[in-house]
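Engineer: Fold the following, please.
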Amino acid sequence: MVTSGRFRRRPMGLRGQWLRFSPAARIGISFAGLIVVGGLLLSMPFATRVGTPPLAYIDAFFVSTSAVCVTGLSPIDVGARLSPAGQGLLLLLIQTGGLGFLTLSTGLLLSMGGRTSLLAQNALQGSLSAGAGGDRLRRLLRVVFLTTIAIEWAGAAVLTVRFQQLCHLSWAKAIWMGAFHSVSAFCNAGFALFSPEYPGQQASLMAFSRDWIVNGTIGVLIVLGGLGFPVLDESLRWVRSRGSRRLGLHARMVLSMSGALIVLGAAAILLLEYDNPKTLGGRAFHESVLAGLFQSITARTAGFNTVDLSALRSQTVMLLIVLMFIGGSPASCAGGIKTTTAFVLAGLVFARLRSRRNPTAFGREIDSENVSRAGTLTLVALVFVVLACGAVLFFQPLPETPSRCQGGHFMDLLFETVSAFGTVGLSTGVTADLSAGARWVLIVSMFVGRVGPLTLFVTLARPPREDRVRLPAESVVVG
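Structural biologist: Sure, this is the predicted structure:
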C-alpha cells in the first residue's frame, strides 16, 4: 500500500534487529547472554551437592561471569560446593567463554558447511585480530579448534597421570580432575577443584607447589593459552618450515614481551619473598625458583596459586597488580591491556627519550595509529580500574573487612578489582566477604575486562574519518 508517495517500512523482526547491531555490540550481547543462562543454571538445585542449599542468585551469576570471562574469582569453594553436574556446567562455561562465544558458534556453522553474514565475519575477525578474507578466517578457525583440542588433551593426559600418582585418586576421578584443570589452565580461567575442606587437599594448587610436573604442565598451558591464536598459528608454521619462515612483527613482539615479563616477574618475586617464612622462606632454592616462576606466569593470565597470596609482602602484591593489569596477548584467552600494548607504550617512551617520533621494534617502525590505539586503550583501562576500585570502596567500607594481606584493607580491594578487570582470578581471600554491591561491581569489571578491550579494539580499528573543519594548531606545555 502506498501512502503519500512512500512505501511503509515493514516492522523489523528480531533477526533483522540482531543483524543491525555492530560487531562490537554482538560480541558483548553474546557474552552477556551466555552469562545469564549460566547463572540461571548454576542457581538450580542440581548444580550443588546433595545436602547443600542452591547457590544464591548473586553467587551463581558471579561464578557464571567469572567462568565465561575466564577469570577464576569465586565467592564459593567450587570444588566442595558444586555437584559433578555443576562442575561439568562450569567447565562448559569456561571452554565456551575461553574460545569466545562468537568464535565457537561461527566455527561450528562453518564446519558444517554453513554460511555466515559479512557482519558476523567482521565480528569474528575482530575477536581474533584476523585479516580480511573468508579463506584466512576458515583456516584460522581450524587452527583454533585443532590447536585447542590437541593442547588440552595433551595437558589432561599428563595431569591425569600425575594427579593419580600424587593424590591416589581413582582413574575416573583422576581423568576428570586432569581434564578440568587442563581446560581451566589453557583457557586462563584459574578455577581449581581441590578444596581445603577435604582431607589432604589445599586451596588451588598449593598442595603441588614443589612438584615440577604439575607446575610445568599448568604453566605451559597458561602460556600457550595467553599467547593468542594468531601467534600460535604463525609459530606452528615457523616450526614446520624449520625456521626458514620469518616470524612477523606481532608474533615477535608477543613472544619477546611475554618471555621478558615471565622472567623479570619471577626474579622480582624471588627477590622480594626469598626470606618470607610464610611464602618462599625455608624452601630449597630450586623450589623457590619454581614457585616464583609459576606465580609470575599465572599473575598475568590465570588465577592459580601455589603460595598463600594473603601472606605476600605489599611490594609483591603491587608487582602482581602490575602484571595482572598488563595481562596476556591479543586474540587470546587472557585479559588485561595486553602485552603488545605495553610493548608499544614502552617503545614510545624510549623513542621519545631518544628524540624520535615513533617507536621501533625488530627493524620496523610502529605505525603512529597503533601508538594512538595503545595509549587510548591504556588510559581507558586505567580510568575504569580507578572508578571500579572507588565503587568497591563505596560498597565495602574498609573497616568491615578484615585485612588479608600485609598491604592492608585498601590493597586487598585494589588487588581484587584489578584481578577482576584483568580476568586473572587471583585473590587474597576477600571475595567471599564482599558485600552484594561490591560483588556486582566486580561482576561488571569482569565483563568489561573480557569484552571491553575487544569491543574497543573493534571500534578503534575503523579508519578515522577526516574532519571537515580543521582548527589552527597550537603547542601546549606537557610535563
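
Engineer: the strands in the protein, which residues?
Structural biologist: When secondary structure is read from DSSP state E, the chain shows strands at 2-3, 6-7, 360-361, 364-365.

Engineer: Show me what the mean pLDDT comes to for the last one.
Structural biologist: For strand 364-365, the mean pLDDT works out to 88.

Engineer: how many neighbours does residue 363 have?
Structural biologist: 6 (other Cβ atoms under 10 Å). Every C-beta, even on glycine, is put in place using the N, C-alpha and C of the backbone.

Engineer: ok, it to residue 249 distance?
Structural biologist: Using Cβ to Cβ, to the nearest Å, we find residue 363 at a distance of 9 Å from residue 249.

Engineer: Check residue 66 too.
Structural biologist: Separation of residue 66 from residue 249 (Cβ to Cβ): 34 Å.

Engineer: same check, this time on residue 159
Structural biologist: Counting by Cβ to Cβ, the gap between residue 159 and residue 249 amounts to 35 Å.

Engineer: who has more neighbours, these two?
Structural biologist: residue 159 (25 against 14).

Engineer: Isn't residue 252 up against residue 364?
Structural biologist: No. Shown here, residue 252 and residue 364 do not form a contact pair, counting by Cβ atoms under 8 Å, at 9.3 Å.

Engineer: Leaving out sequence neighbours, find the closest residue to residue 431.
Structural biologist: If the residues on either side of it in the chain are set aside, residue 431 comes closest to residue 75, at 5.1 Å by Cβ to Cβ, 6 or more residues apart in numbering.

Engineer: tell me the contacts of that neighbour?
Structural biologist: With Cβ atoms under 8 Å, 6 or more residues apart in numbering as the criterion, the residues that contact residue 75 are 59, 62-63, 431-432, 434, 439.

Engineer: Let me have these in TSV, adding pLDDT as columns.
Structural biologist: Listed next are the contacts of residue 75 as TSV, based on pLDDT from 0 to 100:
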residue	pLDDT
59	94
62	95
63	95
431	89
432	87
434	90
439	94
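
Engineer: Just the buried subset of the residues you listed, written out for ChimeraX, thanks.
Structural biologist: The following ChimeraX selection, which keeps only the buried ones among the contacts of residue 75, applies the criterion 16 or more other Cβ atoms under 10 Å:
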select :59,62,63,431,434,439
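
Engineer: Out of the contacts of residue 75, the closest to residue 286 would be?
Structural biologist: When the contacts of residue 75 are compared for distance to residue 286 (Cβ to Cβ), residue 431 comes out closest, at 32.2 Å.

Engineer: could you check the distance from that closest one over to residue 70?
Structural biologist: Applying Cβ to Cβ, one obtains 16 Å for the distance of residue 431 from residue 70.

Engineer: repeat for residue 166
Structural biologist: When distance is defined by Cβ to Cβ, residue 166 is 26 Å away from residue 70.

Engineer: quick one, phi psi at the residue nearest the centre of the chain?
Structural biologist: Central residue check for the chain by Cα atoms, centre = their mean: the C-alpha nearest the mean position is that of residue 334, 2.8 Å away. Phi and psi for residue 334, reported as degrees, to the nearest 10, are phi -90, psi 170.

Engineer: Residue 313 now?
Structural biologist: Residue torsions, per degrees, to the nearest 10, at residue 313 are phi -70, psi 160.

Engineer: pretty sure it is touching residue 277, no?
Structural biologist: No. Contact criterion Cβ under 8 Å: residue 313 and residue 277 do not qualify, at 11.6 Å.

Engineer: which of those two has more neighbours?
Structural biologist: When neighbours are counted by other Cβ under 10 Å, residue 313 comes out ahead of the other of residue 313 and residue 277, with 16 against 9.

Engineer: before we move on, back to that, doesn't residue 449 make contact with the residue nearest to the centre of the chain?
Structural biologist: No. Under the criterion of Cβ under 8 Å, residue 334 makes no contact with residue 449, lying 10.2 Å away.

Engineer: what do those two both touch?
Structural biologist: Contact criterion Cβ under 8 Å, 6+ apart; residues shared by residue 334 and residue 449: residue 423.

Engineer: What distance do you get for the closest residue to residue 267 other than its chain neighbours to residue 284?
Structural biologist: Here the nearest residue to residue 267 in space, its sequence neighbours aside, is residue 292; by Cβ to Cβ, 6+ apart that works out to 7.5 Å. For residue 292, the distance to residue 284 (Cβ to Cβ) stands at 13 Å.

Engineer: between those two, who's got more neighbours?
Structural biologist: Set side by side, residue 292 and residue 284 show unequal neighbour counts under other Cβ under 10 Å, the larger going to residue 292 at 25 against 9.

Engineer: who are the neighbours in contact with residue 445?
Structural biologist: Taking Cβ under 8 Å, 6+ apart as the criterion, residue 445 is in contact with 384, 388, 417, 420-421.

Engineer: Please produce JSON lines containing those residues, extended by pLDDT and distance to residue 469.
Structural biologist: Compiled in JSON lines, the contacts of residue 445 are given as follows (pLDDT from 0 to 100; distance: Cβ to Cβ, whole Å):
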{"residue": "384", "pLDDT": "93", "distance to residue 469": "32"}
{"residue": "388", "pLDDT": "95", "distance to residue 469": "37"}
{"residue": "417", "pLDDT": "95", "distance to residue 469": "41"}
{"residue": "420", "pLDDT": "94", "distance to residue 469": "42"}
{"residue": "421", "pLDDT": "93", "distance to residue 469": "37"}
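
Engineer: hang on, isn't residue 177 packed against residue 192?
Structural biologist: No. Counting by Cβ under 8 Å, no contact exists between residue 177 and residue 192, whose distance comes to 9.3 Å.

Engineer: So the two - more neighbours on which side?
Structural biologist: residue 192 (28 against 23).

Engineer: Not counting its neighbours along the chain, what's nearest that one?
Structural biologist: Of all residues not flanking residue 192 in the chain, residue 204 sits nearest, at 4.7 Å (Cβ to Cβ, 6+ apart).

Engineer: okay, that neighbour: pLDDT?
Structural biologist: 81.

Engineer: Quick check: it vs residue 92, distance?
Structural biologist: Per Cβ to Cβ, residue 204 is found 21 Å from residue 92.

Engineer: Name the residue in these two with the higher neighbour count.
Structural biologist: residue 204 (27 against 15).

Engineer: who touches the more buried one in this structure?
Structural biologist: Residues near residue 204 by Cβ under 8 Å, 6+ apart: 190, 192, 194, 303-306.

Engineer: Could you rerun that using 6 Å?
Structural biologist: Counting by Cβ atoms under 6 Å, 6 or more residues apart in numbering, residue 204 touches 192, 304-305.
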